[in-house]
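Colleague: Could you look at this predicted model? Sequence included:
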Amino acid sequence: MAQSSPLILRLAAFSINAANRAGKIIRDVWSQGELGIVDKGKNDLQTEADRSAQRCIIASLSRQFPNITIIGEEGSTNCEVPSDWLVTESDESLLQLNCPKELLSVSEKEVVVWVDPLDGTSEYTQGLLEHVTVLVGIAVGSKAVGGIIHQPYYGHASGAESLGRTLWGIKGIGVGGFTPILPPANQRIIATTRSHSNPLAEQAIEALKADKVLAVGGAGHKVMLLMEGKAHAYVFARGTTKRWDTCAPEAVLEAMGGRLTDMRGGQYEYDQNTIHENTGGVLATAKGEDHAWYIQNIPENVREALK
Ligand SMILES: Nc1ncnc2c1ncn2[C@@H]1O[C@H](COP(=O)(O)O)[C@@H](OP(=O)(O)O)[C@H]1O
Ligand SMILES: [Mg+2]
Ligand SMILES: [Mg+2]
Ligand SMILES: [Mg+2]
């Protein structure tokens, strides 16, 4: 790895390969057919794919970057992993990018990486494989600055021979791995949860009078819909996603001009001492300038409930 590249670029370049490796583990667990499902709470599933993908990512990252803080959804994990899960190479194309001044001299101690090894577990267990993503979010201080979203089953529905793609974004640099498309003007398409709604979350969606509501799995998947012009907003008026669900999606979306905040427009913090719950819900827009409209049109009782 080119040691001369700034840490943020080396970390993002390495995380791309780690997320790709985790995606292969997710496909392997699925095709072997033993999902090993555990319910961590109420409708809060974990599978062997979540556990193994997290071990792969954390073991690989912590060997390469021993002084960064890594927080993964599936808790502290045993870092002894099969040798073929250990990633050692990076996606070289990122190392040549121009790094913005404010990120040039970031040190490992300032970095927190938020890992969601498998986002959309509920949908994964039901075979809705295109909803699944692997999320690696990079925070400096309390800000989400970079994100990797790997979609292990991209191409599955169209019968593609080689599956998977990896999207990335770094604030101040831009995005890669896909072509950003703005959603159609004069329409309102809203993406929301498929498996974790409640009456308050439904009330918020109804108040926004969408032309179409897309109820799909995964925070990563919903933000991808915004980035590819398939939805205008992602609205989830419930405080049950966590920082690893939003760190990478926020960074990639904001690197291309969108926004992701709580339902009142407040930015989440991603430093190592922050709480994990996104207690204020999730509001993301493809065009950041639309954000204020959504905040204004979300009923006051919903915003109050998510304080
Ligand atoms: N009530 C709840 N309980 C557990 N997890 C929840 C939840 N509401 C949202 N989440 C998690 O937030 C992410 C996005 O939710 P959704 O797909 O419903 O929009 C998923 O991440 P994971 O699949 O990584 O756990 C989901 O499990
Ligand atoms: Mg989960
Ligand atoms: Mg998740
Ligand atoms: Mg997960």
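Modeller: Yes, it's here. Numbers count the residues shown, from 1 in each chain. Ligands and ions are numbered 1, 2, ... in the order given.
Colleague: which residues touch the nearest residue to Glu269 once chain neighbours are set aside?
Modeller: Residue nearest to Glu269 in three dimensions, not counting chain neighbours: Ser142, with 3.9 Å by Cβ to Cβ, 6 or more residues apart in numbering. Using the backbone N, CA and C atoms, a C-beta is placed for each residue, glycine as well. Counting by Cβ atoms under 8 Å, 6 or more residues apart in numbering, Ser142 touches Glu269, Tyr270, Asp271, Thr274.
Colleague: Going by distance to ligand 4, which of the residues you listed wins?
Modeller: Using Cβ to the ion, Tyr270 is the member of the contacts of Ser142 that sits closest to ligand 4, with 16.5 Å.
Colleague: The closest one: how many residues sit nearby?
Modeller: Applying other Cβ atoms under 10 Å, we find 25 other residues in the vicinity of Tyr270.
Colleague: from memory it sits against Gly147, does it?
Modeller: No: applying Cβ atoms under 8 Å, one finds Tyr270 not in contact with Gly147, separated by 10.7 Å.
Colleague: shared neighbours of those two, which are they?
Modeller: By Cβ under 8 Å, 6+ apart, the residues touching both Tyr270 and Gly147 are Gly137, Cys247.
Colleague: any idea how far Trp168 is from ligand 1?
Modeller: Distance, Trp168 to ligand 1, using Cβ to the nearest ligand atom, to the nearest Å: 19 Å.
Colleague: ok, the helix or strand where that residue lies: who's next to it in the sheet?
Modeller: Assigned by DSSP states H and E, Trp168 belongs to strand 165-170. Strand 165-170 pairs in its sheet with strand 143-151 (antiparallel), strand 174-176 (antiparallel), by DSSP bridges.
Colleague: is any part of the longest one close to ligand 4?
Modeller: No: with Cβ under 5 Å from the ion as the measure, strand 143-151 is seen stopping short of ligand 4, the closest distance being 12.7 Å.
Colleague: Torsion angles phi and psi at the residue of the stretch 51-200 of the chain found nearest ligand 3?
Modeller: Closest contact between the stretch 51-200 of the chain and ligand 3, by Cβ to the ion, is at Asp119 (3.5 Å). Dihedral pair for Asp119: phi -100, psi 130, per degrees, to the nearest 10.
Colleague: ok, it - how many residues close by?
Modeller: 29.
Colleague: Val115 - how many residues pack around it?
Modeller: Other residues close to Val115 by other Cβ under 10 Å number 27.
Colleague: For it, list the residues it contacts.
Modeller: So Val115 contacts Gln54, Ile57, Ile58, Leu61, Ile70, Ile71, Gly72, Glu73, Leu135, Val136, Gly137, Trp244 (Cβ under 8 Å, 6+ apart).
Colleague: near ligand 1 too, which of those residues?
Modeller: Applying Cβ under 6 Å from any ligand atom, the subset of the contacts of Val115 adjacent to ligand 1 comprises Glu73.
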